[in-house]
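Asks: sequence first, predicted model second:
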Amino acid sequence: MPFIEHVSDADLECLALERVVPALQAYGFCYVDGVLGELAGDAVLEQVKEMHRSGVLQDGRLAGSVPGVHRSSIRGDKIAWVSGTERGCEAINFLLNLIDKLISVCARRLGSKTIRERSKAMVACYPGNGAGYVKHVDNPNCDGRCITCTYYLNKNWNTKEHGGVLRIFPEGKSFVADIKPLFDRLLFFWSDRRNPHEVQPSYSTRYAVTVWYFDSEERAEAKRRFRDMTASSLQQCSSSS
């Protein structure tokens, strides 16, 4: 297909071992520019734009509701979950395969983490009306998410004019990290409480694709907790009826 550019496994291994792993271990985050190149990056962007135009993207949900608090005051993005195998997602699938290869190399060097699976991809758009996402942690409750990977798709992005910076507040560090959502930039960071972060208000349409990689043991334990809670709730319902 025309958007696929050759990226060798040796190049990916070099990138993972020389850039991503050391930065994750030292700082808790890392970003890499020029990941796909112009042609492949454009193909991903066009597929994401088409999803936006066709109404596939819907308001992002909140994990829990707070009485009197409107969703848009917490997060203003529109999202869709895709596996990459859907029609019209071929370039997104190519991106996901590349990230999978990178993470598989990284996983062998990240100590006790056993990473064998990931989420579907979250395609997200901040519509440019000042929408953002308040400071939060992706995985505050040990749900299995280990590494967050976000690929940005925004050409000619000027943060002074357009905003939309991802600000990370690394736990225990004396600094914050401001990540500009620039076209063909791939960001990695630990998903747990080490990296609270926010998306600052965006004043131009801002696109990104995010996936989460799971620590297998933590994910299995989270599923066991969910099953136990569900069973307990069903038992309480049946005993009270």
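Replies: Alright, I've got the coordinates.
Asks: contacting residues around Y213?
Replies: 103, 107, 115, 117-119, 145-147, 149 (Cβ atoms under 8 Å, 6 or more residues apart in numbering). From N, CA and C alone the C-beta is placed, and that goes for glycine too.
Asks: from the residues you listed, which two are the most distant?
Replies: Using Cβ to Cβ, those span at most 15.4 Å, a distance reached by A107 and S119.
Asks: which of these two has more residues huddled nearby?
Replies: Applying other Cβ atoms under 10 Å to A107 and S119 shows that A107 carries more neighbours, namely 19 against 16.
Asks: settle this for me: that one is touching I115, isn't it.
Replies: Yes - using Cβ atoms under 8 Å, A107 is in contact with I115, at 4.0 Å.
Asks: point out where this structure drops to low pLDDT.
Replies: Of all residues in the chain, those with pLDDT under 70 make up the ranges 1-7, 62-73, 231-236, 238-241.
Asks: do a quick rundown of the strands in it.
Replies: 29-33, 58-59, 78-82, 115-118, 121-126, 131-136, 145-152, 166-168, 177-179, 185-190, 197-202, 206-215 (DSSP state E).
Asks: who's in contact with the residue nearest the centre of the chain?
Replies: Centroid-nearest residue in the chain, with Cα atoms, centre = their mean: T210, separated by 2.8 Å. T210 is in contact with 121-122, 124, 148-151, counting by Cβ under 8 Å, 6+ apart.
Asks: out of those residues, who's the most crowded?
Replies: Result: Y151 is most packed of the contacts of T210 (other Cβ under 10 Å), 27 neighbours.
Asks: beta partners for that one?
Replies: L186, V209 (DSSP bridges).
Asks: against L36, how distant is it?
Replies: 8 Å (Cβ to Cβ, to the nearest Å).
Asks: hey, what's in contact with both of the two?
Replies: What both Y151 and L36 touch, as defined by Cβ under 8 Å, 6+ apart, is the set 44, 95, 184.
Asks: of these, keep whichever come out buried.
Replies: 44, 95, 184 (16 or more other Cβ atoms under 10 Å).
Asks: nearest to G84, of those?
Replies: For the buried ones among the shared contacts of Y151 and L36, the nearest to G84 is L95 (8.0 Å; Cβ to Cβ).
Asks: what sits against the closest one?
Replies: 36, 40, 44, 84, 151, 209.
Asks: wait, doesn't the fourth one sit right on I92?
Replies: Yes - the criterion here is Cβ under 8 Å, and G84 meets it with I92 at 5.2 Å.
Asks: quick one: which of the two has more around it?
Replies: Comparing G84 with I92 by other Cβ under 10 Å, the one with more neighbours is I92, at 23 against 18.
Asks: wait, isn't the more buried one in contact with S83?
Replies: No - using Cβ under 8 Å, I92 is not in contact with S83, being 9.3 Å away.
Asks: having no further points to raise, I will conclude here.
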